[in-house]
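would you be able to build a 3D model of this:
(chains A, B, C and D)
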Number of protein chains: 2
Amino acid sequence: MYACTFWRLLRGEEGLIRRKVAELAGVSEATVSRVLSGAGTVKDDTAKRVMDAAKQLGYVPNALAQRFALRKSGNLGVILPLLPKVNLFSTFYFSEVLSGIGVTAKQRGYDLLLLFREADEARDYASLFRTQKIDGCIILGSKDTPGERAALAELKEREHPFCLVNQRFEGEAYNTVDADQKMGSRHAVRHLLRYGYRKICFLNGPPEYSNSLDRLNGFQQALAEAQVPFREEHVLIGNYSRKSGYRQTETVAALIRSGEVDAVIAANDRMAIGLMQGLKELGIRAGEDFALVGCDDSDVSSMMEPQLTSIRVPFYEVGCEAASRLLDLMTETEPSPPFEVKLPVKLIERASSKTTRSTAK
Amino acid sequence: MYACTFWRLLRGEEGLIRRKVAELAGVSEATVSRVLSGAGTVKDDTAKRVMDAAKQLGYVPNALAQRFALRKSGNLGVILPLLPKVNLFSTFYFSEVLSGIGVTAKQRGYDLLLLFREADEARDYASLFRTQKIDGCIILGSKDTPGERAALAELKEREHPFCLVNQRFEGEAYNTVDADQKMGSRHAVRHLLRYGYRKICFLNGPPEYSNSLDRLNGFQQALAEAQVPFREEHVLIGNYSRKSGYRQTETVAALIRSGEVDAVIAANDRMAIGLMQGLKELGIRAGEDFALVGCDDSDVSSMMEPQLTSIRVPFYEVGCEAASRLLDLMTETEPSPPFEVKLPVKLIERASSKTTRSTAK
DNA sequence: TTGAAAGCGCTAACAA
DNA sequence: TTGTTAGCGCTTTCAA
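Numbering: from 1, shown residues only, chains lettered A, B, ... in the order given. Sure thing, here's the model as predicted:
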């Protein structure tokens, strides 16, 4: 009770506590500021007196006032799609990337402002800067649509620092951190070829995501390198959801049964799993009747039966890198050219693709 | 280029644009403020003139200044554990809850500040309020430890609005939104009994989480209701990770083989899946040799083979409810008693527990 | 219904 | 090395 009224008093006289600290330390308020913000030059001795006084009185500077005076919000915005409805991306992806961003931002004294982009909301990223809610932002789950392009162009034009994660825009030089998806597909193809599979089907995601294009690209390139002909009709399109993988069951089953296809690469784990389940219902088993490779190496890939071979994308590191680069850029004085970081991926071999096809048809 | 310099100018004269709006509308800056903040009484006619002028000049008030003047951050803090390291909770859980919070907060004009709690950091939630980074906060993944209790007690003492999600503290009346875990276990037990299983083993999580205690409680109660004896040695403890479920393989296998146990309820899906995998390796199959029920109904439960019966917890709604209640509380003037909301859960029956045990030993 | 002016808690010149 | 002082862009009394 005592403490309660004590603190209520304090709250009522926010400003006074600052003055008290100054008095207790025998300095001016400006010096208190200098000590606590770390800026300016203060004698070690006085600095210590101020610190002690502040600790004794439990004084913590008001970040809101601080940021207002500095005209910096101290926030890093993270824009992300509304997850539950459009569950295309995996929760795994977001958790990992977000954690990476969060840890990095915290290390560097920034807070994270989470901004959910609504489905068809007119995107106005720039106003987040105008209102000074954020000093920079990282955009997740961006798609190549006219509205998105316009919003990004505006950001760039006004020189607001931002960074895209896992998405590039053809013809625009934006800051990007991405996994090397193209290399991922190549690894997958080479892996399958090594095990004797030669008739590979590719279950891709929609082309609004540059990742989809990159993966297809790597797929084609790896085939070309091995002089295996590329068949357009062996490219299927889903929407990154498990259901969309499941929906391809009939098509893929026919391809496998006719001997036209003996392996499938899916552009993410969810589609791979949907397809695997569908085919299993028809008695066609991954790892035995055909080989299956997913992408993302999400936590579910090792929960499957058989466990799913997948391309590990270092999502956590992607988040770290994006935040780190963006914060660098925000603290630099002179403008630097846009960065396009590609992080290496790695094929994790598991049972779904490991049976050697010695008698390839 | 033109636009670019134009905006650079604007940025240089942030304050001026406000004045220009005032001039264009033929009013004072104070009136501009009144109109844009919606407060105060303004004639409809002048209000319209101001709005038009603002739109024409592209004026958006500076939220940072606004919040500073109002002494409100406009942020709802969400405190959550660092995910990647301590991957006890599922990413599914956090994504769902977070989305619920995010949507609700946005509807009510609040922004979300994400705060990662580091593993053993001295918890000082109160200073988030003192620095005015947040006006209220929702705490996820809280555990019953002395440090946590102290931090929460401080929040309460200083009358900072906060809400716990999925965690209660014995002896403390904090605002809480939780799923009805106790009811969940009861559903699970009754379901198993109905299918003829009578020897049920319970794989629980650690007791620092009140959920663990609730679930055990419901388990015992349901057994008592059905007059099935409760066996202390049939309660196993994991840590909510898949591995910890896997680690119980030997123990559970022995219990099943000896006929002492014919069904298992796990306190979350991850442990259920770990256990399922371990037992499968020993040739003991869920849904055939024993029944298995998980909890959370995370997205993986339907990706398993066999699919996992699980208790669906409305995580998204939990998030909505927590945010909604907390925001109510923050806008109320008079103090209200703490709320303890329990949301209903639902058993989702799948293959892992559906084979009727007609010949129960 | 509106304008003028004070002040939110902090930083950062400028002086001393 | 430190104190004084003038803002940061907004809200909000108080008068008109």
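
distance of the residue nearest the centre of chain A from residue A:321?
Nearest to the mean C-alpha position of chain A, by C-alpha atoms, centre = their mean, lies residue A:97 at 4.0 Å. The gap separating residue A:97 from residue A:321 is 10 Å, by C-beta to C-beta, to the nearest Å. C-betas here are computed from N, CA, C, even on glycine.

follow-up on the earlier one: secondary structure of the residue nearest to the centre of chain A: a strand, I assume?
No - Residue A:97 is assigned helix when assessed by DSSP: H, G, I helix; E, B strand; the rest coil, not a strand.

next up, the contacts around the residue of the stretch 101-250 of chain A found nearest DNA strand C.
Residue nearest to DNA strand C within the stretch 101-250 of chain A: residue A:109 (12.2 Å; C-beta to the nearest atom of the strand). Residues in contact with residue A:109 (C-beta atoms under 8 Å, 6 or more residues apart in numbering or on different chains) are residue A:74.

report pLDDT for it.
We have a pLDDT of 94 for residue A:109.

work out for me the element it sits within.
According to DSSP states H and E, residue A:109 maps onto no helix or strand at all.

and it, how far from residue A:247?
Relative to residue A:247, and taking C-beta to C-beta, residue A:109 is found at 47 Å.

again, but for residue A:322
33 Å.

the more surrounded of these two?
Neighbour tally, residue A:322 and residue A:247, criterion other C-beta atoms under 10 Å in any protein chain shown: the higher count belongs to residue A:322, 29 against 17.

name the nearest residue to that one, ignoring sequence neighbours.
residue A:177 (4.1 Å; C-beta to C-beta, 6 or more residues apart in numbering or on different chains).

just checking, the one you found touches residue A:324?
No - judged on C-beta atoms under 8 Å, residue A:177 makes no contact with residue A:324 at a distance of 9.2 Å.

just want to know which of the two has more residues nearby.
Neighbour comparison, residue A:177 and residue A:324: the larger count goes to residue A:177, with 27 against 20 (by other C-beta under 10 Å).

I'd assumed residue A:250 was in a strand, is it?
No - looking at residue A:250 with three-state DSSP, it is helix, so not inside a strand.

ok, how many other residues are close to it?
11.

what's the answer for residue A:178, then?
Neighbours of residue A:178 (other C-beta under 10 Å): 22.

wait, is it part of a helix?
No - counting by three-state DSSP, residue A:178 is not part of a helix but strand.

quick check, it in contact with residue A:168.
Yes - judged on C-beta under 8 Å, residue A:178 makes contact with residue A:168 at a distance of 6.5 Å.

which residues do the two both contact?
A:210, A:340.

can you map out the strands along chain A?
A:75-81, A:111-117, A:136-139, A:162-165, A:176-179, A:200-204, A:235-237, A:263-266, A:291-296, A:309-312, A:340-343, A:346-348 (DSSP state E).

TSV for those, including distance to DNA strand D?
TSV is the format used below for those (distance: least, C-beta to the nearest atom of the strand, whole Å):
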stretch	distance to DNA strand D
strand A:75-81	16
strand A:111-117	18
strand A:136-139	18
strand A:162-165	22
strand A:176-179	31
strand A:200-204	47
strand A:235-237	47
strand A:263-266	50
strand A:291-296	43
strand A:309-312	46
strand A:340-343	34
strand A:346-348	48
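
from chain B, how far off is residue A:42?
Noted for residue A:42: a distance of 21 Å to chain B, by C-beta to the nearest C-beta, to the nearest Å.

any figure for the gap between that residue and residue A:55?
Counting by C-beta to C-beta - residue A:42 and residue A:55 are separated by 16 Å.

same thing with residue A:73?
Distance from residue A:73 to residue A:55, by C-beta to C-beta: 27 Å.

between these two, which has more neighbouring residues?
Counted by other C-beta under 10 Å, residue A:73 and residue A:55 do not tie: residue A:73 has more neighbours, with 26 against 11.

can you tell me which residues contact that one?
Per C-beta under 8 Å, 6+ apart, neighbours of residue A:73: A:67, A:113, A:132-135, B:64.

next up, the contacts around the nearest residue in space to the residue nearest to the centre of chain A that is not next to it in sequence.
Closest residue to residue A:97 apart from its sequence neighbours, by C-beta to C-beta, 6+ apart: residue A:319 at 4.0 Å. By C-beta under 8 Å, 6+ apart, the contact list for residue A:319 reads A:96-102, A:104, A:165.

for residue A:100, give me its contacts.
A:315-323, B:84.

and the residues you listed, which is the shakiest by pLDDT?
residue B:84 (59).

which strand residues bridge the residue nearest to residue A:322?
Beta-bridge partners recorded for residue A:177 (DSSP bridges): residue A:165, residue A:341.
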